[in-house]
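Asks: can you look at this prediction? I've put the sequence above it.
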Amino acid sequence: EPEVTQTPSHQVTQMGQEVILRCVPISNHLYFYWYRQILGQKVEFLVSFYNNEISEKSEIFDDQFSVERPDGSNFTLKIRSTKLEDSAMYFCASKGDSGHTIYFGEGSWLTVV
Amino acid sequence: DAKTTQPPSMDCAEGRAANLPCNHSTISGNEYVYWYRQIHSQGPQYIIHGLKNNETNEMASLIITEDRKSSTLILPHATLRDTAVYYCIVRVHSGNTPLVFGKGTRLSVIA
């Protein structure tokens, strides 16, 4: 069964450093998403992306965050200058053009120290 | 914010049916009901969705009331591996409308 893959599975970074989280969505999917989940809290929507541009973003997705699809396969989330409160699990998700279902990856654990 | 209300937790004996309720009294005519689950800290896993008819797949059944203001997810024979947080989400079907997660129901399947 096709799946969304994310790398790295876990990253530890120093406060103030830039981080890039990578995702390979399911082939032929056209809609892409990033979510985050702080430990013990609910899954929160960050941003959706379609046709090479952001469709919708939440209040969490401020100027420190950016997304891009650099090569037609990877979908990346960049955090420019990490803060302690950015420590969370980050989930990538994708959806096909005709399907109802949004499929999630297994997540990337980000720890900011 | 999530447009659904779910009990925070439920227990179910292994082998028995787990019935997870969800209220969505403000659901719009073009919104579907989706169920996802999250096992430990893994990525949310799609279970089932429906508009107004009852639905069944290999994982579960979804019963939606006639007025669409509530629904029940049924796991017919719960196993220990079904222990997870279950999320009921209403979402417009079209385009790339994101899923908005609430706190869900933590289902504990007990041996």
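Replies: Everything's here; your move.
Asks: flag every residue of chain A that's near chain B.
Replies: A:4, A:31, A:33, A:35, A:37, A:42-45, A:48-50, A:55-56, A:89, A:91, A:93, A:95, A:100-107 (CB under 8 Å from any CB of the partner chain). All C-beta atoms are positioned from the backbone trio N, CA, C, and that covers glycine.
Asks: run the last query once more with 6 Å
Replies: Proximity of chain A to chain B, by CB under 6 Å from any CB of the partner chain, involves residues A:31, A:33, A:42-43, A:45, A:48, A:50, A:55, A:89, A:91, A:100-102, A:104-107.
Asks: need the strands for chain B, in chain order.
Replies: B:9-13, B:18-23, B:31-38, B:45-50, B:55-56, B:61-64, B:70-75, B:84-92, B:105-110 (DSSP state E).
Asks: could the ones you listed be laid out in a markdown table, adding mean neighbour count, mean pLDDT and distance to chain A?
Replies: What follows is those, written out as a markdown table (neighbours: other CB atoms under 10 Å in any protein chain shown; pLDDT from 0 to 100; distance: least, CB to the nearest CB, whole Å):
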| stretch | mean neighbour count | mean pLDDT | distance to chain A |
| --- | --- | --- | --- |
| strand B:9-13 | 14 | 97 | 14 |
| strand B:18-23 | 20 | 98 | 15 |
| strand B:31-38 | 22 | 96 | 7 |
| strand B:45-50 | 18 | 96 | 5 |
| strand B:55-56 | 15 | 96 | 11 |
| strand B:61-64 | 19 | 98 | 13 |
| strand B:70-75 | 20 | 98 | 16 |
| strand B:84-92 | 21 | 95 | 8 |
| strand B:105-110 | 17 | 97 | 12 |
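Asks: possible to save these as CSV with distance to residue A:69?
Replies: What follows is the strands of chain B, written out as CSV (distance: least, CB to CB, whole Å):
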stretch, distance to residue A:69
strand B:9-13, 39
strand B:18-23, 34
strand B:31-38, 24
strand B:45-50, 23
strand B:55-56, 33
strand B:61-64, 33
strand B:70-75, 34
strand B:84-92, 23
strand B:105-110, 35
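Asks: centre-most residue in chain B?
Replies: residue B:35 (3.4 Å; CA atoms, centre = their mean).
Asks: list the residues that contact that one.
Replies: B:47, B:48, B:73, B:88 (CB atoms under 6 Å, 6 or more residues apart in numbering or on different chains).
Asks: so who does residue A:67 touch?
Replies: Contacts of residue A:67 by CB under 6 Å, 6+ apart are A:47, A:49, A:77.
Asks: still on that earlier bit, I'd like to know which of the contacts of residue B:35 is nearest to residue B:107.
Replies: Lowest distance from residue B:107 to these (CB to CB) belongs to residue B:73, with 9.5 Å.
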